[in-house]
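1. Fold the following and give me the result.
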Amino acid sequence: MEEDIKKKGSSLKSILGGDILATDFFRRQTKLLILIMMFVIFYIHNRYAAQQQMIEIDRLRQELIDIKYDALTRNSELMEKSRQSRIEEYISEKETELQTATHPPYLIK
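-> Next comes the predicted model:
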């Protein structure tokens with residue numbers, strides 16, 4: 001029983017001390033361990049890049065909504081300013097000789 005405890009204690013000590021990395025198993029599997037570490041680093045980088053892109057997409061989506069509302073506001077202002085009643089009101093304020101046509105327009109052929 002004491003031998004099992006000594007083996008577990010020494011194996012824990014070798015793991016924490018890093019001696020386990022010098023064993024024959026780890027020396028044979030060095031290339032696999034390096035490949036696994038590269039995949040882990042690639043996975044972390046890929047996730048970080050995806051998060052950055054999602055943040056950028058959200059920012060651009062919000063900017064697009066703001067621009068749409070701004071365009072809608074400007075369009076309504078233009079419609080208000082280009083109404084016939086507003087144009088007549090503007091002309092009457094400037095005291096020009098322009099008047100509203102009493103006859104409908106006709107086509108010249």
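2. From now on I want contacts and neighbour counts done on CA atoms only, so please keep to that.
-> Will do.
3. show me where the protein has helices.
-> Along the chain, counting by DSSP state H, helices occupy 2-17, 24-28, 30-81, 84-94.
4. could you dump these to TSV with mean pLDDT, mean neighbour count and distance to residue 109?
-> Below are these laid out as TSV (pLDDT from 0 to 100; neighbours: other CA atoms under 10 Å; distance: least, CA to CA, whole Å):
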stretch	mean pLDDT	mean neighbour count	distance to residue 109
helix 2-17	61	11	100
helix 24-28	84	11	95
helix 30-81	96	12	32
helix 84-94	82	12	27
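5. My guess is residue 21 contacts residue 29. True?
-> No: using CA atoms under 8 Å, residue 21 is not in contact with residue 29, being 10.2 Å away.
6. Quick check: neighbours shared by those two?
-> Residues touching both residue 21 and residue 29 (CA atoms under 8 Å, 6 or more residues apart in numbering): there are none.
7. quick one: residue 61 from residue 35, how far?
-> Distance, residue 61 to residue 35, using CA to CA, to the nearest Å: 38 Å.
8. try residue 78
-> In this view, residue 78 and residue 35 are 63 Å apart by CA to CA.
9. do residue 86 as well
-> Using CA to CA, one obtains 74 Å as the distance from residue 86 to residue 35.
10. And residue 22, by the same measure?
-> Between residue 22 and residue 35 the computed distance is 18 Å (CA to CA).
11. again, but for residue 43
-> Look at residue 43 and residue 35: by CA to CA, they are 12 Å apart.
12. before we move on, what about residue 16?
-> For residue 16, the distance to residue 35 equals 23 Å [CA to CA].
13. what do you get for residue 108?
-> According to CA to CA, residue 108 stands 83 Å off from residue 35.
14. to the chain's geometric centre, what's the distance from stretch 54-62?
-> Here the centre of stretch 54-62 is set off from its chain's centre by 3 Å, with CA atoms, centre = their mean, to the nearest Å.
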